[in-house]
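Participant: Got a sequence here, can you build the structure:
(one chain, ligands or ions: 1)
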Amino acid sequence: MTTAPTSLPAVAGPVYTKQDEGYAAEIAAWNVATVHEPLAVVGATCPQDVVEAVRWAGALGLPVAVQATGHGAVRPARGVLVNTSRMNEVSVDPVARTARAAAGARSADVIAAAAPHGLAPLNGSSSRVGFVGYTLGGGVGPLGRRYGFAADLVRSVEIVTADGVLRTVDADREPDLFWAVRGGKGNFGIVTALEFDLVEVGSFFGGGIYYPIEHAGAVLHAYREWSAGLPEEMSTSVALLRLPDLPALPPPLRGANVVHLRVCFLGGAEEGDALLAPMRSAAPAIIGEVLTLPYPAIDAVHRDPVDPMPTRERGVLLGALTAETVDRVLAAAGPGVDVPLPVVELRQLGGAFDRPPAVPNAVSGRGAAYSLFVIGLGVPELREAVDAATERVLAVDRFPGGLINFSGGAGPEAIRANWPPADRDRLLGVKRSYDPANVFSGGQPLVG
Ligand SMILES: Cc1cc2nc3c(=O)[nH]c(=O)nc-3n(C[C@H](O)[C@H](O)[C@H](O)COP(=O)(O)OP(=O)(O)OC[C@H]3O[C@@H](n4cnc5c(N)ncnc54)[C@H](O)[C@@H]3O)c2cc1C
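Facilitator: Residues are numbered from 1 along each chain as shown. Next up is the predicted model:
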């Protein structure tokens, strides 16, 4: 169907079709490079709205996509888009140390609900990101080397599958679907809520050090040696940033090309400072704020952009961070190289990321030592330049597989290649059982 539908789903929330005034605001994504173009967008307010939207789409033979914030908007949604942003309730059980987050909750909502109890979720680098989408994609965050992937702590998943049925799945109920959705992301249905464990973290020693990009060689090689010996209580990353000239940034960073070291240490300031010493002396810093902070200040580690921007992303995994890899990254995106890549990031994995979770899941990437991730400017006129520059950065010795959250708009074949063959086949089997018609083909589809 390419024309406007003649009926609308029976939902409590708003429904907009292309000619409606509210349509543009309802489909808007954080990644403004992606403009969704569904025939209808449903502003879901409750699980039943999601059920009705999926049944309605099914009756019309339309594909269904889902969006909470649009941080992971990598391909335009067609058919029906379910906007979950109104479903943002979070509840915490401080005695059981668990939380329940509805589909549209951002990590910031979960952090705010957990912090008064001295607890924290395994959120990612930016608390503006949707907690459910992030977690279903694995979820690599600043507590991860100590506690693992966000998906590893999920206890149960409430999900509307392609048949329009709302199911609660866990280790005992529909265990195959429970396995697949924790890591296989949006391919199996629309998750209406997650229940998960929180960790006992009230504060952290962390922040970032910015160096002029001229020192990228010294900083990245120092990082390579330093990070390899860190305890798993310390999660780190380092990025080559080409920053915009925006008033939101402190003056020395506006429009600057810099190297940004990010650290989050679950330990005291004295020990943290001692661990950080080799990086403090690696090169002169522009700004270097690393201190003990309450957990809700966790965005101070990565200082990701808040405002919507156009992005085009790709990532690979590394088995080790070798001198050769560092040299290749520097040659492709280091000082003096003009590339339309705002972010080239090396993020340390290992530690708890390598350990299997209590209940096995479909998260890929265990065993890799680092992720290498590139964010290009997602504007049409730079597309070829971005892709060519990205290829050059990622032309390094790789670890097999990848992370779906860092796979951007890769096609189904490349998405499938994130998993080893046995897991990939199992994912495809669960997909065939629960979504044989590939209704959930938006986002990062396993099947094209
Ligand atoms: C600034 C920024 C920082 C990031 N930092 C990290 C990080 O530190 N670690 C990390 O692992 N990832 C990170 N990511 C990637 C991010 O986790 C993914 O893009 C994630 O999909 C975003 O979820 P969202 O709901 O906010 O985005 P949306 O664009 O709203 O959704 C993206 C996709 O998530 C899935 N999804 C969302 N909601 C549901 C649902 N209810 N049911 C089923 N599927 C759903 C769907 O596949 C959907 O297409 C970052 C992205 C950005 C832009």
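
Participant: phi, psi of A256?
Facilitator: Here is the backbone geometry of A256 (degrees, to the nearest 10): phi -90, psi 150.

Participant: tell me the contacts of the closest residue to it other than its chain neighbours?
Facilitator: With C-beta to C-beta, 6 or more residues apart in numbering as the criterion, A256 has its nearest non-adjacent residue at 5.4 Å, and that residue is L243. For the C-beta atoms, the positions are set from N, CA and C on the backbone; glycine is no exception. By C-beta atoms under 8 Å, 6 or more residues apart in numbering, the residues touching L243 are 249, 253-258, 342.

Participant: what are the ranges of the helices in the protein?
Facilitator: 23-27, 47-60, 107-114, 131-136, 144-147, 175-184, 216-228, 269-280, 299-302, 323-333, 383-394, 412-416, 421-434 (DSSP state H).

Participant: Would you mind listing what in this structure touches the ligand?
Facilitator: Contact residues, the chain versus the ligand (C-beta under 6 Å from any ligand atom): 29, 66-73, 84, 103, 124-126, 129-130, 132-134, 136-141, 185-186, 190-191, 304, 405, 442-444.

Participant: are any of those residues buried, and which?
Facilitator: 29, 66-73, 84, 103, 124-126, 129-130, 132-134, 136-141, 185-186, 190-191, 304, 405, 442-444 (16 or more other C-beta atoms under 10 Å).

Participant: what about the closest residue to the ligand within the stretch 251-400 of the chain, distance to G139?
Facilitator: Closest approach between the stretch 251-400 of the chain and the ligand, counting by C-beta to the nearest ligand atom: D304, at 4.1 Å. Plainly put, D304 is 15 Å away from G139 if you go by C-beta to C-beta, to the nearest Å.

Participant: remind me which residues of this structure are low pLDDT?
Facilitator: 1-4 (pLDDT under 70).

Participant: got the domain boundaries for it?
Facilitator: Per the record, the chain has its domains at 15-83, 203-409, by automatic domain parsing.

Participant: Of all these, which one comes closest to R173?
Facilitator: domain 203-409 (12.0 Å; C-beta to C-beta).

Participant: Return the distance of the closest one from the chain's centre.
Facilitator: The chain centroid and the centroid of domain 203-409 are separated by 14 Å under C-alpha atoms, centre = their mean, to the nearest Å.

Participant: now do stretch 44-56
Facilitator: Taking C-alpha atoms, centre = their mean, one finds stretch 44-56 lying 25 Å from the centre of the chain it belongs to.

Participant: For it, give me every contacting residue.
Facilitator: In this structure, residues lying in contact with stretch 44-56 by C-beta under 8 Å, 6+ apart are 7-13, 42, 64, 80, 82-84, 86-87, 103, 158, 160-162, 164-166, 189-190, 192-193, 439.

Participant: swap in stretch 100-112?
Facilitator: Against stretch 100-112 from outside (C-beta under 8 Å, 6+ apart): 44, 50, 66, 68-69, 83-91, 99, 120-121, 123-124, 126-132, 134, 190-196, 295-296, 298.

Participant: Distance from that stretch to the middle of the chain?
Facilitator: Chain-centre distance of stretch 100-112: 14 Å, with C-alpha atoms, centre = their mean.

Participant: Buried residues in it, which are they?
Facilitator: Neighbour-count burial for stretch 100-112 [16+ other C-beta under 10 Å]: 100-111.

Participant: Stretch 343-355 too?
Facilitator: Neighbour counts over stretch 343-355 (16+ other C-beta under 10 Å) mark 343-353 as buried.

Participant: Give me the nearest residue to G130, chain neighbours excluded.
Facilitator: Per C-beta to C-beta, 6+ apart, closest to G130 is A68, 3.4 Å.

Participant: May I have the beta-bridge partners of V66?
Facilitator: Here V66 sits in beta bridges with V82, going by DSSP bridges.

Participant: re the thing from before, in strands only, show me the residues of the chain next to the ligand.
Facilitator: 66-67, 190-191 (DSSP state E).

Participant: give me the number of residues near T45?
Facilitator: 16 (other C-beta atoms under 10 Å).

Participant: which ones are touching the nearest residue to it once chain neighbours are set aside?
Facilitator: Spatial nearest neighbour of T45, excluding adjacent residues (C-beta to C-beta, 6+ apart): G13 at 4.1 Å. Going by C-beta under 8 Å, 6+ apart, G13 touches 42-46, 49, 86.

Participant: now do 10 Å
Facilitator: For G13, the contact set (C-beta atoms under 10 Å, 6 or more residues apart in numbering) comprises 26, 42-46, 49-50, 52-53, 82-84, 86-87.

Participant: Over to V41?
Facilitator: For V41, the contacting residues are 14-18, 20, 22-27, 53, 65, 67, 77, 80-83, by C-beta under 10 Å, 6+ apart.

Participant: And the buried ones among these, selectable in ChimeraX?
Facilitator: Buried residues within the contacts of V41, by 16+ other C-beta under 10 Å, are selected in ChimeraX with:
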select :14,15,16,23,26,27,53,65,67,77,80,81,82,83
